[in-house]
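# Fold the following and give me the result.
(chains A and B)
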2 protein chains.
Amino acid sequence: MQSLWEIKLEKYDNSQNRKYETIYTLANGYRGFRGVQDFSKKGECGNFIAGVFDKNDAQVTEIVNCQNPLVLNIYFDNEQLDIDNSEVLEFERNLNMKEGILYSKYLLKLQSRRIVKVEVEKFVSRNNVHRWAAKYKITPVNFSSKMFIENIIDGTVTNSSLDPFLKTKHFDVEDVLDLKPGIALKSITIDKKIRVIEATTLFSENPSGNIFIRRKFGRFGEVAREVYESFVKEGKEYIVVKYGVTYTSRDTKESIISKAKDELFNFIREGYESEKDKHIEYWNNLWDKIDIEIKGDDAAQRGLRFNLFQLSSSAYDGDDKVSIAAKALHGEGYKGHVFWDTEIFMLPFFIYTNPKVARALLMYRYNTLDGARKNAELNGYKGAQFPWESADDGIEVTPKWGFDYDGNPVRIWTGDEEFHINADIAFAIWEYYRATMDKDFLDNYGIEIILDTAKFWNSRLEYNKEKNRYEINKVIGPDEFHEHVNNNVYTNYLARWNMIKALQLVEMLKIENPVLLNKLCNKLGLSNADFEEWEKKIELIYIPMAKDGKLIEQFEGYFNLLDIPITEYDENGMPKWPDLKGYKLHDTQLIKQPDVVMLMLLLGDEFDLESKKINYEYYEKRTMHKSSLSPSMYSIMGLVVGDTHNSYKYFMKTIYTDLEDNQGNAALGLHAASTGGSWQSAVFGFGGLSIDHDEIPNINPWTPENWEELSYKINWRGSIIKVTVKQDKVEIFSDMDNEVKVYGNKYSIKQNQLLEVSRI
Amino acid sequence: MQSLWEIKLEKYDNSQNRKYETIYTLANGYRGFRGVQDFSKKGECGNFIAGVFDKNDAQVTEIVNCQNPLVLNIYFDNEQLDIDNSEVLEFERNLNMKEGILYSKYLLKLQSRRIVKVEVEKFVSRNNVHRWAAKYKITPVNFSSKMFIENIIDGTVTNSSLDPFLKTKHFDVEDVLDLKPGIALKSITIDKKIRVIEATTLFSENPSGNIFIRRKFGRFGEVAREVYESFVKEGKEYIVVKYGVTYTSRDTKESIISKAKDELFNFIREGYESEKDKHIEYWNNLWDKIDIEIKGDDAAQRGLRFNLFQLSSSAYDGDDKVSIAAKALHGEGYKGHVFWDTEIFMLPFFIYTNPKVARALLMYRYNTLDGARKNAELNGYKGAQFPWESADDGIEVTPKWGFDYDGNPVRIWTGDEEFHINADIAFAIWEYYRATMDKDFLDNYGIEIILDTAKFWNSRLEYNKEKNRYEINKVIGPDEFHEHVNNNVYTNYLARWNMIKALQLVEMLKIENPVLLNKLCNKLGLSNADFEEWEKKIELIYIPMAKDGKLIEQFEGYFNLLDIPITEYDENGMPKWPDLKGYKLHDTQLIKQPDVVMLMLLLGDEFDLESKKINYEYYEKRTMHKSSLSPSMYSIMGLVVGDTHNSYKYFMKTIYTDLEDNQGNAALGLHAASTGGSWQSAVFGFGGLSIDHDEIPNINPWTPENWEELSYKINWRGSIIKVTVKQDKVEIFSDMDNEVKVYGNKYSIKQNQLLEVSRI
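Numbers count the residues shown, from 1 in each chain, chains lettered A, B, ... in the order given. Coordinates of the predicted model:
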């Protein structure tokens, strides 16, 4: 039986290695190590350090797969311990999410019939993000022999290593160092000359002391290597600890070689167990903030925790020049680029559980504003145009071309047309501010972004003289099945929202802080004339609302497309492709993911329940969920409109996106948006949290029958509110006086006093 | 049915890859490529270029495993063609020895269920030793898809790659070049700064023309790589040719980069088929000289040809600063070092079939004389002391220390004590001269070696005052089970022979060429006083002859050792270890390989038949054959003394040493001495060739009943004599007038007239 804190794998199948590398990735926001299978050569190693990007001869700038310091090979005499050429007698990998430690256990019968037991524990420290370590317990079960342990930093790593054409190397090896004992390898990226050092050393920490009798260092081209010889006896257990530290020239102005040497020494002196304890303590504190308890549904509980674990592992508050990539620090998919996924899908989790991290993530957008301004300039617009895909500097890095199956080039339009990202970021800033009241952030960074995106939208609007309205044409909305569409509701609505919010903030500053307003106008080249222009245009922005006035047309002309609703579902309850009758996908009303419904989720307050119901029902039947961003959103809206059966299905689909690989591409990295969607589905969906016009948290929970209890905590304007949804009542507890609404009724809650409200 | 010219393998078992790498090595004397399994990562690549040695941090100077230019990977979409992860539907590797071409054929079912047929032919040109090539015919049997072909030169190659402690890299990568198309990689050895360049390019040579639609070059650290994209259709065959050239700074004073570029271009222009035709023609001519036909015994015929093929592949006449290593150009075993194996076991083959090569091999010793002189000086002797293990300069490179199973250091004494190598080389020079009458060699090089080794022996002799004799103590003879022995007969006898031969040559020069004698005396610091001293000492050199005056004691005290003759044999007819009763091996009379018998083979004329019989019978029962040098010699002596049953067994054992891996270490490289032993066993043994006092070829054949015919050719003093042993008669044919003896009777044979003598 797995505990509800564990993700356990008990069968070895090396064709699945790449998927489990993603699932068992250990990350701490600073960096991610893919969970490469010990003692196997099958798979794709990944050492991603947030912010280390490079282009070289790749199509676009991408996250660098850095040198791999995790290699540890064991030999008995000259026979290498190799799981793929052994009989696997026992196998277990077990991610303990409570502790943030990956435990593995192997009993292998080598080709020589030697039987070896190895237990491994590994962690990437959250106490000190530069540290990582692994402990190996090795038992020669039925033999005595020489044992060699090879400690390696592999500098031959490439990106796209499994793609014969795209494969590329993003760094040169600048230094290979013998630390006597220990090894280090310093690399330098090709374009931006970012230096990365990995340093590692082995210690044999046995009750009887050191077991190493000879050591030899070697530089093999781009590989640093030290090998230790020892002699091991049948039935005895031997412990070897691998210590590691990582620094980059992004982290420090000091020499990263001496930094790494010193810190490796400090790490060894403090010891493995000490660091591990602090790391576990860190996770304990983190879980206290982020955990969502679901009693009575183990699959939901365990699966949800996996999402919270990996999403938390993908960010920290120590670097405000990085954000979370679509595949987080877990794989090369989408090249380490940041999308709207961060602001719209992941950010709410951080806003409500870990606002410091949320702020750091938004600061990344602030710190890439110059790139966004360059994008606008290049495209003939004004203000700041955030890139659809963002790397290190805010310049658009969406590839322009892809290839279809036959090798024919296919133009990718999202970087040219998926403008809504700009409003998404403005929206996220406001959502952050609303929950945290972080005035410092709003004044110094947030308003500037909202103003400059508003300026962008103002320049993007196209006047239709005939109809006396402002349009936004040739766009892609969240539903990417339809390109070059005109007046996508989601885009137009949020663009308008962005401009309105900008004007509201201007009005606020006029009263509260005219100096700041002056400063911003000065910096951004804005004046009252601009604000007046915006105000006029806002009124005339065209928002297509169609048919019966309730059912919204996703974009102009959408309803004229071939309508072939989904009628069949697969064994997982996911839609099957309807017969397209020879039509192209973009000529049908089938959509990839919510678009109108997405808008209604973001601005729930601006649409009545009937509208939501009508649109949910219409679009749900036409949504193919060909994005991992889709099911969680339908899950939440399903609960809003009362389609509870589908909600649970979509929730489970979301939390098992990677664990069950239900999008079929878990190997490429974490579905990070889906992890954020998991939290939203649990808290905004089942937990029923929303913030209304009055800026008061509303709690309207609904839980499946078998959920004995659902509980979560949120940060709300400096306080922590704990919500426990029991089968008969809702309990609310706050560490400060607060106002909440439960099922529409307002309650004042006192500090540390439990509020109980009966379920309806 | 395999032809008698083919070595065919029809079953794939990747645990055997390393063995077949040796068997399927393609070499041309200039270089050897181990026969690495196509599309597999299991094994140990080997690219050895004769004369390219380096020490770096290895124990001793060793042959460098150079960058590997043979890598060619095929991908369908992103799925790599990988034999170890495919279902092997059909498999064939077939070394065509007649042509010197390795043909392979694979039908593989990939994990995606794609079925792919690939046929490969590969050769290392004998027409132009710098050229090598491979042709791939690729058929996607049941699918159409993108195909990527990756052409790689791998500069990450190390020596001892499978030994975690000894693994070492002997070169840095100096240049990685894009030849557009084509790639090149230039390396430089660590110590001696020898530069090696490998250059290769791909051409798609299809009836319909080029199939490559995109190309991309990449440098990945120490790896040069170009990848080609194409689209292949179900059922169609696509041909890709890989051209390659190799140069080193040993070959030319020119820039090896421009040399390689030019020659690669020339090669392509002339074309694959043209080079292949010339290569085959070369082999046809070579076979005409070297082949031994055995009719009626297919296993013997095929096995023997394998030995002639690989021995011929190991040397050429184009470089007189290299010799043949114990493992030839076929593996890293014995570190590429040259032993007495060359002069005593392999050289007769070349003397009698390809004297130019024999001369080049002896020239290697001449060109390493300075090293040999340094060895003597270092050890307190005079003259030239050839090293027991020799690399590039004649300095002793035998490792001083090895390790036993428990990792304890064990002193290796052969480099200090196995002096007989000096007389072996002198002996070989004389044997070469006797057969070729190559006066130029003898005068300019050979005599100098014989004089300087005689000078060495003179300084090595120790006077035993008590017994008034000269002794050579603390030596190792050919039988290495016994170290630090005194007065080993083989050593003492040949040392005396060496000194006698030196004096004979001095006498000859006094008459024929006193100027040369003066010159040599001048150069070597010799005078008549020395020659007089030698003459006196020769009389007093102690040769232990013992017991009944016929049975010779291998060394002083040998007969006092524990005598436990071999009584049991394994299923292959090879001796089982007798019970040592707690004694150490060196305290018994068991020997590793012939020692006294070896002497009687080399100087057959100086021992009567009875002596030979008595010693053969005694020592054969005590010989464990723990060297591949052993069985062939017993096979020959067995025939001399009439033990024909054992002779055939030992002959078959010898010719199948590598093919059946009966020493268990074929993976480490060719048993080159054994290939030479195979020829000796066939020609000197069954073919009955010996040269007597009168310097006339004697033919005394004996053949097994099932051998319908045995025929071979020898070079004798500028003529070619063909001997055909039929069941009823011996036929002898010479292209010049000649004298021969058959069964003891002398015959004068006329040019191009057949001599027939009845079998007795």
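# and the stretch 201-350 of chain A, which of its residues are near chain B?
Within the stretch 201-350 of chain A, the positions near chain B by CB under 8 Å from any CB of the partner chain are A:Ile213, A:Arg214, A:Lys216, A:Gly218, A:Arg219, A:Phe220, A:Gly221, A:Glu222, A:Val223, A:Val227, A:Glu229, A:Phe231. C-beta coordinates here come from the backbone N, C-alpha and C atoms, glycine included.
# hmm, 7 Å instead?
Neighbours of chain B within the stretch 201-350 of chain A, by CB under 7 Å from any CB of the partner chain: A:Lys216, A:Gly218, A:Phe220, A:Gly221, A:Glu222, A:Val227, A:Glu229, A:Phe231.
# Who wins on neighbours among these?
Highest neighbour count within these: A:Glu222, with 25 neighbours (other CB atoms under 10 Å in any protein chain shown).
# Pick out the residue of the stretch 251-400 of chain A closest to chain B.
Proximity of the stretch 251-400 of chain A to chain B (CB to the nearest CB) peaks at A:Glu332, 13.1 Å away.
# State the number of residues packed around that residue.
If you count neighbours by other CB under 10 Å, A:Glu332 ends up with 25.
# what does the one 5 residues further on give?
The number of residues packed near A:His337 is 24, by other CB under 10 Å.
# residues touching the closest residue to it other than its chain neighbours, list them.
Of all residues not flanking A:His337 in the chain, A:Glu389 sits nearest, at 3.9 Å (CB to CB, 6 or more residues apart in numbering or on different chains). Contacts for A:Glu389 were tallied using CB atoms under 7 Å, 6 or more residues apart in numbering or on different chains; they are A:His337, A:Phe339, A:Glu396, A:Val397, A:Thr398, A:Gly415.
# Just the pLDDT for the residue lying closest to A:Lys236 once chain neighbours are set aside.
Nearest residue to A:Lys236 in three dimensions, chain neighbours excluded: A:Thr139, at 6.8 Å (CB to CB, 6+ apart). On the pLDDT scale, A:Thr139 is placed at 98.
# Same check on A:Val641?
pLDDT recorded at A:Val641 is 94.
# What is the burial count for it?
By other CB under 10 Å, 22 other residues sit near A:Val641.
# what are the ranges of the strands in the stretch 601-750 of chain A?
A:689-691, A:697-699, A:709-716, A:719-726, A:729-734, A:738-742, A:745-749 (DSSP state E, counting those that start in this stretch).
# Just the residues contacting the last one, thanks.
Residues from elsewhere that reach strand A:745-749 (CB under 7 Å, 6+ apart): A:Ile696, A:Ile732, A:Ser734, A:Asp737, A:Asn738, A:Glu739, A:Val740, A:Leu755.
# quick revisit: from what I can see the residue of the stretch 251-400 of chain A closest to chain B touches A:Asn65, true?
Yes. Between A:Glu332 and A:Asn65 there is a contact under CB atoms under 7 Å: 6.3 Å.
# what sits in contact with each of the two?
Each of A:Gly46, A:Asn159 lies in contact with both A:Glu332 and A:Asn65 under the rule CB under 7 Å, 6+ apart.
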